[in-house]
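[1] build the 3D model from these lines:
(4 chains)
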Number of protein chains: 2
Amino acid sequence: MAVNIQFSIAVHILAVLACGCDQGGVTSGHLAESVNTSPSFVRRILAKLSRAGLAETATGKAGACWLAKEARDISLLDIYRAVGAPRAISIHCYDKQKSCLVSCHIKAALEKALDKTQKAMEKSLAETSLAQIVSVLKKR
Amino acid sequence: MAVNIQFSIAVHILAVLACGCDQGGVTSGHLAESVNTSPSFVRRILAKLSRAGLAETATGKAGACWLAKEARDISLLDIYRAVGAPRAISIHCYDKQKSCLVSCHIKAALEKALDKTQKAMEKSLAETSLAQIVSVLKKR
DNA sequence: CTAACTGTTACTATAATAATTACAATATTG
DNA sequence: CAATATTGTAATTATTATAGTAACAGTTAG
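    Okay, the predicted model is just below:
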């Protein structure tokens, strides 16, 4: 699993915060247990969420973290952007072969089409909120 | 670039075949030159395209390859499926922490939402044909 | 002052995937 | 038939994105 899973883990983290599973302050250690990874990795993702205004954190001895806004006001797209996840489909970046028309222009042409696809994907992500995810998983 | 770029290269390959840049038979060697990679890698992708019914190949001394159907009848989705490209967004697969509700059910909940997103992306890919890509790049 | 956090950086390990090599199978051509 | 050039495929190696780990400065509560 060397594939980028930060988005997925970010959703997991925010879902825990949204559930308020722990009554006291939630720390990176708690989150790491729930996710089953290291506190350090959690903190790195958490810092991105914080910078993006999705979560807030407190440093110091009673350090903790919580949602910066209502779960219904956080979309999957917000989270996707916050972690800087890679594009859905990537284009090869080998050198162009100057004598070949296709080689010279395929990337620009493909990029144009894939931009549309990326937008379609992002639109779909925008349509689901963290609150919806949480409500689904609470029913189980 | 350890990211999966087979889709992108498959489009490149098929675009060359669609253009009929070379008058004679196009070989994996020609394609490799245009893409700037090894003939072997091209052949591996080409074999997938052939199995998917998008390209046809001839073995033997006069070996070559060509489109199995009209460029306008090949969609980017066909190509995406042919190469078996990974999903747009992947979910982490760490062990569940049994004592945590979120940990146990987040993946199923997220998967449901991401299925929608994957479908949106595939729908968009289905809307662009190889012929469109080729017509765009010929204008440059 | 001490303890327990976060934020961040630097480094290592892992794994997905590209690149390379090799070779059997196949078809053309002389 | 022999020589040759190709595809198809498997095995191996190299690369690189990214996860994992460790360390530490900065911060705050007690």
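
[2] what does chain A put close to DNA strand D?
    A:1-6, A:37-38, A:40-41, A:44, A:58-63, A:86 (C-beta under 7 Å from any atom of the strand). Backbone N, C-alpha and C define where each C-beta goes, glycine included.

[3] restricted to helices, list those residues.
    In helices, judged by DSSP state H, the following of those are found: A:6, A:40-41, A:44.

[4] just want the residue of chain A that's nearest DNA strand C.
    Closest contact between chain A and DNA strand C, by C-beta to the nearest atom of the strand, is at residue A:63 (2.7 Å).

[5] ok, that residue - contacts?
    A:25, A:27, A:57 (C-beta atoms under 8 Å, 6 or more residues apart in numbering or on different chains).

[6] distance of the residue nearest to residue A:33 when sequence neighbours are not counted from residue A:44?
    Ranked by C-beta to C-beta, 6 or more residues apart in numbering or on different chains and with sequence neighbours excluded, the top spatial neighbour of residue A:33 is residue B:97, at 5.7 Å. Here the criterion is C-beta to C-beta, to the nearest Å. By it, residue B:97 lies 20 Å from residue A:44.

[7] ditto for residue A:35
    12 Å.

[8] of those two, who's got more company?
    Neighbour count, other C-beta atoms under 10 Å in any protein chain shown: between residue A:35 and residue A:44, residue A:35 has more, with 26 against 14.

[9] where does the residue lying closest to that one once chain neighbours are set aside land in three-state SS?
    Spatial nearest neighbour of residue A:35, excluding adjacent residues (C-beta to C-beta, 6+ apart): residue A:12 at 5.3 Å. With DSSP: H, G, I helix; E, B strand; the rest coil as the basis, residue A:12 sits in helix.

[10] how about the contacts made by residue A:12?
    Shown in contact with residue A:12 (C-beta under 8 Å, 6+ apart): A:34-35, B:92, B:102-103, B:106, B:110.

[11] sorry, back to before: how many other residues sit next to the residue nearest to residue A:33?
    By other C-beta under 10 Å, the residues close to residue B:97 number 15.

[12] for residue A:126, same thing?
    Residues near residue A:126, counting by other C-beta under 10 Å, number 14.

[13] please identify which helix or strand holds the most far-flung residue of chain A relative to its centre.
    Residue farthest from the centre of chain A, counting by C-alpha atoms, centre = their mean, is residue A:99 at 41.3 Å. For residue A:99, there is no enclosing helix or strand under DSSP states H and E.

[14] how close does it get to residue B:40?
    Distance of residue A:99 to residue B:40, computed by C-beta to C-beta: 22 Å.

[15] kindly report the same for residue A:42.
    Residue A:42 is 42 Å from residue B:40, where distance means C-beta to C-beta.

[16] if I look at the residue farthest from the centre of chain A, how far off is residue B:16?
    Computed as C-beta to C-beta, the residue A:99 to residue B:16 distance reads 12 Å.

[17] try residue A:39
    Residue A:39 sits at a distance of 50 Å from residue B:16 (criterion: C-beta to C-beta).

[18] between those two, tell me which one has more neighbours.
    Neighbour count, other C-beta under 10 Å: between residue A:39 and residue B:16, residue B:16 has more, with 24 against 16.

[19] chain center to the helix or strand that one falls within: distance?
    Taking DSSP H and E as the definition, residue B:16 sits inside helix B:6-19. Helix B:6-19 sits 9 Å away from the centroid of its parent chain (C-alpha atoms, centre = their mean, to the nearest Å).

[20] may I have it as CSV, with CA atoms only?
    Output in CSV follows, covering the C-alpha atoms of helix B:6-19 (Å, rounded to 0.1, in the frame of the first residue of the first chain):
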residue,chain,number,x,y,z
GLN,B,6,-0.5,3.0,-18.0
PHE,B,7,-3.7,4.6,-18.9
SER,B,8,-2.0,7.7,-20.2
ILE,B,9,0.5,5.7,-22.2
ALA,B,10,-2.3,3.5,-23.6
VAL,B,11,-4.1,6.6,-24.9
HIS,B,12,-0.8,7.8,-26.4
ILE,B,13,-0.3,4.4,-28.2
LEU,B,14,-3.9,4.3,-29.5
ALA,B,15,-3.6,7.9,-30.7
VAL,B,16,-0.5,7.0,-32.7
LEU,B,17,-2.4,4.1,-34.2
ALA,B,18,-5.4,6.3,-34.9
CYS,B,19,-3.2,8.9,-36.7
